[in-house]
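Engineer: From the sequence below, what's the structure:
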Amino acid sequence: MKAGAKFIVLHHKPAGGAPPPSPSLRAWLLIFVLFFVFTFAFTLFTARDAARPPAVANSNSQLPKPVFDALVHYAALNASSASRMTAEELSAVAAVLRRCAPPCNLLVFGITHETLLWSSLNRNGRTVFVGDSAYMISKLEERHPSIEAYDVQFTTKLSELYDLMEYCKGEIRGECRPVQNLLFSDCKLAVNDMPNDLYDVAWDVIVVDGPRGCFGAAPGRMSVIFTAGVLARSKRGGAAETHVFVHEFDGEAERVCSEEFLCVENLVETKGILGHFVIGKMDDNSNGFGFCSVSASSTFPRNSI
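Structural biologist: The predicted structure follows:
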């Protein structure tokens, strides 16, 4: 090879003189910028939401007071029937529901004119209705699917009132004791065919406004008053006391059973024909004392029913 010789390297050049294809730096730069902007915006909004003060607990859990009062007022205006609650009776129940810390557990025996009112007043709480008419329950659920209601077949008769009272006295430390799981009770007065989970609920308020009790063959309210007394004393959790309202408290069965199972010492007020009882929890060791510290009369006047 001669000194000073030069190598000539020949490169293939595509037609048209265009440079060889290569990734677009501009496209990659645009993707990077968009990713950065998105990440920054997401971080900014997340931090702003976290910095907001937490909402007041249960701030919307109850109806505004004007709405609450209006519902009670207009329900009272339509109380033309003797079986419906009067304004003062409605107000007594409503006042307790208003004070009840949400969520409030409300159990109502009876499908009545006030059914929709109780469901509305206990906003965001659990409201359960128990009636003795499968037809009325089905119609209620058809028209108002959000309402929780169940039908129960009662085996008692109003004409058996005093026989049932004497039977219960004999079983006060057995099947009819005041603290027990009613789901497994063989007491003749126990309502034990409701859905199983209802027996585990810590009921804050129980309203007794059914079943029927205006003639001898009607089931009467003996079972539901007994059941209300046991549920109140046997509950686990929740408030220490249960408010029990008995409507048509002037009826013989309602008065006798309330005195025996809810107790005069627990009666805090009467409004019209509505009795308001406040019953505290009991433990199993208290069963020997019966339902009341001062028992009702050991013999009942046998009025015809």
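Engineer: where does the protein dip in pLDDT?
Structural biologist: 1-61, 78-82, 285-289, 295-305 (pLDDT under 70).
Engineer: need the next SSE after the host helix or strand of residue 229, C-terminal direction.
Structural biologist: Residue 229 is part of helix 222-234, with elements assigned from DSSP states H and E. Next helix or strand after helix 222-234 toward the C-terminus (DSSP H and E): strand 241-247.
Engineer: CA atoms only: put the very next helix or strand once past that next one into CSV for me.
Structural biologist: Once the chain leaves strand 241-247, the next helix or strand it forms, by DSSP H and E, is helix 252-257. The C-alpha trace of helix 252-257 is given here as CSV (Å, rounded to 0.1, in the frame of the first residue of the first chain):
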residue,chain,number,x,y,z
GLU,A,252,-107.9,-5.0,80.1
ALA,A,253,-105.4,-7.3,78.5
GLU,A,254,-103.0,-4.4,77.9
ARG,A,255,-103.2,-3.2,81.5
VAL,A,256,-102.9,-6.6,83.1
CYS,A,257,-100.0,-7.7,80.9
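Engineer: Just the angle for the helix or strand that helix 252-257 is followed by relative to strand 241-247, thanks.
Structural biologist: For helix 252-257, the following helix or strand on the C-terminal side (DSSP H and E) is strand 267-271. Taking axes from the mean of the first three to the mean of the last three C-alpha atoms, to 10 degrees, strand 267-271 and strand 241-247 form an angle of 30 degrees between their directions.
Engineer: what's the next helix or strand after strand 267-271 packed up against?
Structural biologist: Next along the chain after strand 267-271, taking DSSP H and E as the criterion, comes strand 274-280. Applying 3 or more C-beta pairs under 8 Å, 6 or more residues apart in numbering; DSSP states H and E, one finds that strand 274-280 contacts helix 87-99, helix 222-234, strand 241-247, strand 267-271. No exception for glycine: its C-beta is placed from N, CA and C like everyone else's.
Engineer: one more time with 10 Å, if that's ok
Structural biologist: Counting by 3 or more C-beta pairs under 10 Å, 6 or more residues apart in numbering; DSSP states H and E, the packing neighbours recorded for strand 274-280 are helix 87-99, strand 205-208, helix 222-234, strand 241-247, strand 267-271.
Engineer: Mind putting these into JSON lines with mean neighbour count?
Structural biologist: Listed next are those as JSON lines, based on neighbours: other C-beta atoms under 10 Å:
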{"stretch": "helix 87-99", "mean neighbour count": "18"}
{"stretch": "strand 205-208", "mean neighbour count": "25"}
{"stretch": "helix 222-234", "mean neighbour count": "25"}
{"stretch": "strand 241-247", "mean neighbour count": "23"}
{"stretch": "strand 267-271", "mean neighbour count": "14"}
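Engineer: what about residue 262, how many neighbours?
Structural biologist: A total of 27 residues lie near residue 262 under the criterion other C-beta atoms under 10 Å.
Engineer: Could you do the one 4 residues further on as well?
Structural biologist: For residue 266, the tally of surrounding residues (other C-beta under 10 Å) stands at 21.
Engineer: ok, it to residue 260 distance?
Structural biologist: 12 Å (C-beta to C-beta, to the nearest Å).
Engineer: shared neighbours of these two, anything?
Structural biologist: Contact criterion C-beta atoms under 10 Å, 6 or more residues apart in numbering; residues shared by residue 266 and residue 260: 229, 291, 292.
Engineer: want to throw the residues you listed into CSV with distance to residue 88?
Structural biologist: As requested, the shared contacts of residue 266 and residue 260 are arranged in CSV below (distance: C-beta to C-beta, whole Å):
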residue, distance to residue 88
229, 25
291, 28
292, 27
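Engineer: Can you tell me which of the residues you listed is nearest residue 155?
Structural biologist: Using C-beta to C-beta, residue 229 is the member of these that lies nearest residue 155, at 18.5 Å.
Engineer: on that earlier part again, format the helices and strands packed on strand 274-280 as a markdown table; extra columns: distance to residue 161.
Structural biologist: Shown next, in a markdown table, are these (distance: least, C-beta to C-beta, whole Å):
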| stretch | distance to residue 161 |
| --- | --- |
| helix 87-99 | 24 |
| strand 205-208 | 15 |
| helix 222-234 | 6 |
| strand 241-247 | 15 |
| strand 267-271 | 20 |
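Engineer: what about those, which gets the closest to residue 70?
Structural biologist: The nearest among the helices and strands packed on strand 274-280, by C-beta to C-beta, is helix 87-99 at 11.3 Å.
Engineer: Okay, the closest residue to residue 239 other than its chain neighbours and residue 257: tell me how far apart.
Structural biologist: Sequence neighbours aside, residue 204 is the residue nearest to residue 239 in space, at 5.8 Å (criterion: C-beta to C-beta, 6 or more residues apart in numbering). Note on residue 204: its distance to residue 257, by C-beta to C-beta, is 21 Å.
Engineer: Residue 229 contacts residue 279, doesn't it?
Structural biologist: Yes: the criterion here is C-beta atoms under 10 Å, and residue 229 meets it with residue 279 at 6.7 Å.
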